[in-house]
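# structure here, sequence nowhere to be found:
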């Protein structure tokens, strides 16, 4: 049973007054008709409060180095359970021991089982990553939070991307994927011959990056054709 859909992307750190913050929030509203991301959680009680100046709140919480709770700011439509939409902005990092880059992670979570929502996920991934000028992004629909975390953290799943300056980091591989031009180049993607089997499942957006959908329908590992496509992807991008 479909219970939650998640889109995640990593971007270069936001700065005070960064226009990308509002662009990201508006892109969610535009991609999900009828959704207003006009609430925010400001306390540990996990209580929604309506806000009319969401960018100011992000600036106050995210860029005040003396704050003890600046790590995340959660926006949403104020709903819980069914039809809840949340947008979490938080600091993160890429890389490993000895070489780490600070980034911001944007995670959009949608709690419903509507097929119309699932069909909008590719456009939502594209809109968020374009608005944030993202490094990479991924997403899909998951039956539980545990399944989502497994998709994000399973060490057998990442793609190793090496940038032009030698910086190396892992990328999750999911049903939906976004790679900036720099990341795509490090993966030699797209290649007309190697990627011919994908047909129209990938596209360039605004000369910034690429959106790749592994299968036309939601990735289902019980489907032999989907499992075959995932196995192909492991081999295509250098995973064993």
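Looks like it came in fine. Just so it is clear, the model here is predicted, and its values are computed rather than measured. Residues are numbered from 1 along each chain as shown.

# how much space separates residue 213 from residue 74?
28 Å (C-beta to C-beta, to the nearest Å). Where C-beta positions appear, they are placed from N, C-alpha and C, glycine not excepted.

# no, scratch that, I was asking about residue 104
Taken as C-beta to C-beta, the span from residue 104 to residue 74 is 14 Å.

# now the common contact residues for these two.
residue 89 (C-beta atoms under 8 Å, 6 or more residues apart in numbering).

# and the two? which has more neighbours close in?
Ranked by neighbour count (other C-beta atoms under 10 Å), residue 104 and residue 74 place residue 104 first, with 22 against 17.

# in what helix or strand does that one lie?
Per DSSP states H and E, residue 104 falls inside strand 99-111.

# just how off-centre is that strand within its chain?
A distance of 7 Å separates the centroid of the chain from that of strand 99-111, by C-alpha atoms, centre = their mean, to the nearest Å.

# contact partners of the next helix or strand after that strand?
Going down the chain from strand 99-111, the next helix or strand is helix 115-132, by DSSP H and E. Contacts to helix 115-132, defined as C-beta under 8 Å, 6+ apart, come from residues 2, 5, 7, 9, 11, 20, 23-24, 26-28, 30-32, 104, 106, 108, 110, 134, 137-141, 176, 178, 205-206, 208-209, 211, 213, 218.

# what does stretch 7-21 give?
54-55, 58-59, 62-63, 89, 91-92, 94, 102-108, 121, 124-125, 128-129, 131-139, 152, 172, 176, 178.

# and residue 227, what does it touch?
Contacts of residue 227 were listed using C-beta under 8 Å, 6+ apart, and they are residue 221.

# whichever of the contacts of stretch 7-21 end up buried, select them in ChimeraX.
A single ChimeraX command selects the buried members of those (16 or more other C-beta atoms under 10 Å):
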select :54,58,59,62,89,94,103,104,105,106,107,108,121,124,125,128,129,131,132,134,135,136,137,138,139,152,172,176,178
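
# in stretch 218-238, what counts as buried?
218-219, 226, 229-230, 233, 236-237.

# chain center to it, what's the gap?
For stretch 218-238, the distance to the chain centre is 20 Å (C-alpha atoms, centre = their mean).

# thinking again about what came up before, dump the buried residues of stretch 218-238 to JSON lines, plus secondary structure, distance to residue 164 and pLDDT.
Shown next, in JSON lines, are the buried residues of stretch 218-238 (DSSP: H, G, I helix; E, B strand; the rest coil; distance: C-beta to C-beta, whole Å; pLDDT from 0 to 100):
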{"residue": "218", "secondary structure": "coil", "distance to residue 164": "34", "pLDDT": "85"}
{"residue": "219", "secondary structure": "coil", "distance to residue 164": "30", "pLDDT": "84"}
{"residue": "226", "secondary structure": "helix", "distance to residue 164": "33", "pLDDT": "89"}
{"residue": "229", "secondary structure": "helix", "distance to residue 164": "29", "pLDDT": "91"}
{"residue": "230", "secondary structure": "helix", "distance to residue 164": "28", "pLDDT": "86"}
{"residue": "233", "secondary structure": "helix", "distance to residue 164": "23", "pLDDT": "89"}
{"residue": "236", "secondary structure": "helix", "distance to residue 164": "21", "pLDDT": "89"}
{"residue": "237", "secondary structure": "coil", "distance to residue 164": "18", "pLDDT": "85"}
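
# helix, strand, or coil at residue 25?
helix (DSSP: H, G, I helix; E, B strand; the rest coil).

# burial of it, as a residue count?
Neighbours of residue 25 under the rule other C-beta under 10 Å: 23.
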